[in-house]
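In: Sharing a sequence plus its predicted fold:
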Amino acid sequence: MPELHDLDRFEDGLPTMNPLPAPEIRRRGDRLRRRRIGLVAGGVALVAGLAVGSPLLGGSDDRARDLQPAPDTGKAAWITTVPDDFPLADGFPQPSEVRTQEDPELEPVCGHWQVTAEEIKVVHYTGESEDSAQRVLMLFKDSDAARAQFAALRSSTTSCDPVPGPPGSHEETIYGPVPLDHVATGAEETYAFSEQIQHDDGLVSDLTLVEVSRTGNALYFDSRYTSPGGDVVIAEELPAMEKASRVPLGAMCRFAQTPCPQPGAPSTTPSGS
Amino acid sequence: MDEAEFDDFYTSSFQRVVAAVYAMIGDRDEAQECVQEAFVRAWSHRRRLDRAEHPEAWVRTTAYRLAVSRWRRTVRGRRAPDRALSLPATAAPPSESHVALVAALKRLPESQRRALVLHHIADLPVHEIAREVGAPEGTVKARLSRGRAALAALLEEGASRA
């Protein structure tokens, strides 16, 4: 049977593994890099998407009014393809890969639900330390579908039981809603929840904070992971996350029942006024 | 980092990083896949890797986070483990001693397990471990101390049952 000092020579006697050849690793890395550069060049432009006069933007107060979601009145054409210049990665750690994918691979995962979006764009960041972040933009066929998805996500994450850790780990993953006293700027509905690891000595760590916002037929999913956990960390991270997402949240008005003017669109204001 | 330098880095550190991640997560095949994926990402981000003070730590941390993320999805039934990256497993299985050691490590709290692995298997001093896990040095020392005591007790328990 092993003894404690066997840890110091753990590699001794471990069978040699069968790794991929280095050129293959580089080939796959080059492919990943090409996809990333292509998507960023052709997809997300770092342009401020704020529109002047948008009814969804507040005045000097960054905290938006509590807006009631508008019923779907059968708007003729909802936008179901993410515009090339939607600033999903604005304020996000760089460099970041923006990609289109069918499965949003939302982190964290809690509850059972199906995503029925028409298009999904994801940007993910993994830092050199333990930090990571993710943003997802989902477009649905109409605002009713987006509203239903929002409600399903909210419902599934408010009733998640703790998930035990690996056997003998003395920890479990816990979930909980994060009380909000505001709707994120640019959104019609917002809710937030957290995932953390609770240790048997009472400490919490490994916080993933998630905020989901809906405008029209679009859902914006913003998550951030930090090694420390707890209410104090949540109270610090949530406004920081919202501040970093100010531009993409502001651009969500494009997907509203009455969309805001697009950047670069002709002004309806007569010249000389 | 040019191709030759990366290839040297990959071949010289692969086994060591896999050993550390295997000890942290308890699954050698999964560790190998995650480490390979981490090296793929390292090459795709080689400018960032050039700026990293500790490239091996970057790869190890990335691999570990990938493994944790995949474990969470697997345990919730959302996603089957992705075995696409590996060549067919032809390597011999680990020895009974390794399996027993890894099984005992798995029973420790994650923070203690990780500290022990980084110190004893990856040979990192306390201040390097503190930097890698984002915890104060005193906390790392406490985790090492408690972890060693707990692991010793678990190994003794295993030996007395054998």
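Out: Thanks, I have the structure now. The structure displayed is predicted, hence computed values, not measured ones.

In: what residues are up against B:Arg161?
Out: By C-beta atoms under 8 Å, 6 or more residues apart in numbering or on different chains, the contact set of B:Arg161 is empty. Bear in mind the C-beta positions are built from the backbone N, C-alpha and C, glycine included.

In: Can you give me the pLDDT of it?
Out: Per-residue pLDDT puts B:Arg161 at 71.

In: Please tell me how far A:Phe86 sits from A:Pro93.
Out: 18 Å (C-beta to C-beta, to the nearest Å).

In: These two: which is more packed in?
Out: Counted by other C-beta atoms under 10 Å in any protein chain shown, A:Phe86 and A:Pro93 do not tie: A:Phe86 has more neighbours, with 26 against 16.

In: Helix or strand: which one has that one?
Out: Assigned by DSSP states H and E, A:Phe86 falls within no helix or strand.

In: residues of stretch A:222-237 that come out buried?
Out: A:Asp222, A:Ser223, A:Arg224, A:Tyr225, A:Thr226, A:Pro228, A:Gly229, A:Val233, A:Ile234, A:Glu237 (16 or more other C-beta atoms under 10 Å in any protein chain shown).

In: ok, and of those, which contact chain B?
Out: A:Pro228 (C-beta under 8 Å from any C-beta of the partner chain).

In: Out of the buried residues of stretch A:222-237, list just those in strands.
Out: Among the buried residues of stretch A:222-237, the ones falling in strands (DSSP state E) are A:Asp222, A:Ser223, A:Arg224, A:Tyr225, A:Thr226, A:Pro228.

In: thinking the last one is in contact with A:Leu209, fair?
Out: No. Using C-beta atoms under 8 Å, A:Pro228 is not in contact with A:Leu209; the gap is 11.5 Å.

In: and the one helix or strand B:Glu128 maps to, what's its mean pLDDT?
Out: Secondary structure assignment for B:Glu128, by DSSP H and E: helix B:126-133. Regarding helix B:126-133, the rounded mean pLDDT is 84.

In: ok, B:Ala135 - how many residues close by?
Out: Neighbours of B:Ala135 (other C-beta under 10 Å): 20.

In: circling back: now the ones in strands among the buried residues of stretch A:222-237 as JSON lines including pLDDT?
Out: Formatted as JSON lines, those follow (pLDDT from 0 to 100):
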{"residue": "A:Asp222", "pLDDT": "91"}
{"residue": "A:Ser223", "pLDDT": "88"}
{"residue": "A:Arg224", "pLDDT": "86"}
{"residue": "A:Tyr225", "pLDDT": "81"}
{"residue": "A:Thr226", "pLDDT": "79"}
{"residue": "A:Pro228", "pLDDT": "81"}
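
In: Contacts only, for B:Tyr10.
Out: Applying C-beta under 8 Å, 6+ apart, the residues contacting B:Tyr10 are A:Ala22, A:Ile25, B:Phe39.

In: which intervals of the chain have sub-threshold pLDDT?
Out: The chain I'm using is chain A. A:33-76, A:95-114, A:126-131, A:165-169, A:262-273 (pLDDT under 70).

In: hmm, I had chain B in mind actually
Out: B:48, B:51-52, B:71-92, B:162.

In: Pop out the phi and psi values for A:Ala192.
Out: When read as degrees, to the nearest 10, the backbone of A:Ala192 gives phi -140, psi 150.

In: Would you mind measuring from the residue lying closest to it once chain neighbours are set aside to A:Glu236?
Out: Nearest non-adjacent residue to A:Ala192, counting by C-beta to C-beta, 6 or more residues apart in numbering or on different chains: A:Val178, 3.9 Å away. Applying C-beta to C-beta, the value for A:Val178 to A:Glu236 is 12 Å.

In: for B:Arg65, same thing?
Out: Where A:Glu236 is concerned, B:Arg65 sits at a distance of 22 Å (C-beta to C-beta).

In: Check A:Ala77 too.
Out: Where A:Glu236 is concerned, A:Ala77 sits at a distance of 41 Å (C-beta to C-beta).

In: Check A:Thr173 too.
Out: Distance from A:Thr173 to A:Glu236, by C-beta to C-beta: 21 Å.

In: pretty sure A:Gly216 contacts A:Gln257?
Out: Yes. Counting by C-beta under 8 Å, A:Gly216 touches A:Gln257, with 5.7 Å between them.

In: what do these two both touch?
Out: In contact with both A:Gly216 and A:Gln257: A:Ser143, using C-beta under 8 Å, 6+ apart.

In: So which of these two has more stuff around it?
Out: A:Gly216 (27 against 17).

In: Helix or strand: which one has A:Asp144?
Out: Going by DSSP H and E, A:Asp144 is part of helix A:143-157.

In: packing partners for that helix?
Out: Applying 3 or more C-beta pairs under 8 Å, 6 or more residues apart in numbering or on different chains; DSSP states H and E, one finds that helix A:143-157 contacts strand A:132-139, strand A:189-199, strand A:204-215, strand A:218-228.

In: 6 Å instead?
Out: The contact analysis (3 or more C-beta pairs under 6 Å, 6 or more residues apart in numbering or on different chains; DSSP states H and E) places helix A:143-157 against strand A:204-215.

In: and the biggest helix by length in chain B, how far out from the chain's middle?
Out: Ranked by number of residues, the top helix in chain B under DSSP state H is helix B:137-161. Offset of helix B:137-161 from its chain centre (C-alpha atoms, centre = their mean, to the nearest Å): 18 Å.

In: Return the set of buried residues in that helix.
Out: B:Val140, B:Arg143, B:Leu144, B:Arg146, B:Gly147, B:Arg148, B:Ala150, B:Leu151, B:Leu154, B:Leu155, B:Gly158.

In: Regarding the residue nearest the centre of chain B, what is its secondary structure?
Out: For chain B, the residue sitting closest to the mean C-alpha position, by C-alpha atoms, centre = their mean, is B:Val21 at 1.7 Å. Under DSSP: H, G, I helix; E, B strand; the rest coil, B:Val21 falls in the helix class.
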